[in-house]
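**Student:** give me a 3D structure for the following:
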Amino acid sequence: MSLEQQLLQRLAALNPSHLEVVNESAGHGGYFPGKESHFKVVMVSDVFQGLRSVQRHQKIYAAVGDLLAPSKIHALAIHAFVASEWQGQDTSSPECAHAPKTS
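**Tutor:** Predicted structure coming up:
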């Protein structure tokens, strides 16, 4: 099972009303086809109600646990919302300074 699929499976336990897992590895240095090292998670869930941003991230870290290891996921960008916060949020990622150059 791919790392992306494992992330989706584990994060489903937080009962999201919206869950998006994006493999952003291609935008980073050292990329090769099939590489899974950099991901972005956009999640909307009631379990985040009343929690500060760091507490929301901690819930996600607890769910994905051992996937955040040097031999697996190198970077995980997290955008965690409750439904009332979700509309109109910009969850775009900045370009990596070490991204492969296209020319």
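
**Student:** how about the longest helix along the chain, which residues are buried there?
**Tutor:** Criterion DSSP state H: the longest helix present in the chain is helix 53-64. Going by neighbour count (16 or more other Cβ atoms under 10 Å), the buried part of helix 53-64 is 56, 57, 59, 60, 63, 64. Just so you know, the C-beta spots here come from the backbone N, C-alpha and C atoms, and that holds for glycine as well.

**Student:** would you turn those into TSV with pLDDT and distance to residue 22?
**Tutor:** Converted to TSV, those look like this (pLDDT from 0 to 100; distance: Cβ to Cβ, whole Å):
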residue	pLDDT	distance to residue 22
56	98	18
57	96	17
59	97	19
60	97	14
63	96	17
64	94	15
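
**Student:** so what's residue 42 up against?
**Tutor:** 18, 19, 20, 22, 79, 91 (Cβ atoms under 8 Å, 6 or more residues apart in numbering).

**Student:** Three-state assignment for it, please.
**Tutor:** Following DSSP: H, G, I helix; E, B strand; the rest coil, we place residue 42 in the strand state.

**Student:** and if you look at residue 20?
**Tutor:** Judged by three-state DSSP, the three-state class of residue 20 is strand.

**Student:** with adjacent residues omitted, what lies nearest to it?
**Tutor:** Here the nearest residue to residue 20 in space, its sequence neighbours aside, is residue 42; by Cβ to Cβ, 6 or more residues apart in numbering that works out to 4.2 Å.

**Student:** what of residue 3?
**Tutor:** Using Cβ to Cβ, 6+ apart and skipping residues adjacent in sequence, the residue nearest residue 3 is residue 36, 4.2 Å away.

**Student:** hang on, that neighbour in a helix?
**Tutor:** No - Residue 36: not assigned to a helix; according to three-state DSSP it is coil.
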